[in-house]
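Participant: structure, please.
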Amino acid sequence: MTADSGLVLLIEDEPQMRRFLRITLQGSGYRLAEAASGEEGLTQAATRNPDVVLLDLGLPDIDGIEITKRLREWTQIPIIVISAREQEEDKIRALDVGADDYLTKPFGAGELLARIRVALRHAATHHGSEEPLFVLDNLKVDIVKRQVFLDDREIHLTPIEYRLLTVLVRYAGKVITHGQLMKEVWGPAYVTQSHYLRIYMAQLRHKLEADPARPRFFINEPGVGYRLRVDMEERRS
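Facilitator: The predicted structure follows:
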């Protein structure tokens, strides 16, 4: 999907933030629909069929968490939360109820645009059946043959490392909470045992990252979870 055809629904009540985002998005070729309240946002989502939603949590009528829940009752449209709330609990709640990503205000225009590109690409990739071959830069994961290659050299992973990688691949570009990863890789009984996740993520980085201390693929979202970065233009500190 090109930026020219992308419709972004912005649900945000702060006029200055709306102005900044209007300039940023329209200047990058996106079409824009705006809503200053939760109810208006839900109506616009149902009638305008946007390609991605930018959602503030602190709206005057309905909390953004509730809006995310309502949207997820009928659509899988990408939802990127933009909020001044910095508490990890807020980020985790938003992601757990169905948001695809989370940006804390203030944020730069470049990072926002990168996240939107990732969300649109993720939605397009996962609209149909799961792709049997995942390629990201010099990393290749063959889901059918259960093989992983780096620079065309096969990398041998343990069963748990491979399972962790395939979960990240399945949700590529999305933030996955620690709890989600633990549940999918180890099972519901291990949801609180996040130290396992840190150990195996370190092992995965050691095998697949050129510099494990400065990862390009496996991005840590502090206190929240991890994300397999699919937009190589995006840079995180």
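Participant: quick check: phi and psi at L7.
Facilitator: The phi/psi pair for L7 (degrees, to the nearest 10) reads phi -100, psi 120.
Participant: pretty sure it is touching Q26, no?
Facilitator: No. With contact defined as Cβ atoms under 8 Å, L7 does not count as touching Q26 (11.5 Å). In this view, the C-beta of every residue, glycine as well, is placed from N, C-alpha and C.
Participant: what do the two both touch?
Facilitator: Residues touching both L7 and Q26 (Cβ atoms under 8 Å, 6 or more residues apart in numbering) are L32.
Participant: grab the most central residue of this protein for me.
Facilitator: Centroid check for the chain by Cα atoms, centre = their mean gives K174 as the closest residue, at 2.3 Å.
Participant: secondary structure element for K183?
Facilitator: Using DSSP states H and E, K183 falls within helix 178-185.
Participant: find the nearest non-adjacent residue to the residue nearest to the centre of the chain, please.
Facilitator: Closest residue to K174 apart from its sequence neighbours, by Cβ to Cβ, 6 or more residues apart in numbering: D100 at 5.0 Å.
Participant: residues contacting the one you found?
Facilitator: By Cβ under 8 Å, 6+ apart, D100 lies in contact with 78-80, 119, 122, 173-175.
Participant: how many other residues sit next to D151?
Facilitator: Applying other Cβ atoms under 10 Å, we find 10 residues neighbouring D151.
Participant: what about K69, how many neighbours?
Facilitator: Applying other Cβ under 10 Å, I find that K69 has 12 neighbouring residues.
Participant: per-residue confidence for G225?
Facilitator: As predicted, G225 sits at a pLDDT of 92.
Participant: the residue lying closest to E154 once chain neighbours are set aside: neighbour count?
Facilitator: Residue nearest to E154 in three dimensions, not counting chain neighbours: Q147, with 6.0 Å by Cβ to Cβ, 6+ apart. Neighbour count of Q147, defined by other Cβ under 10 Å: 15.
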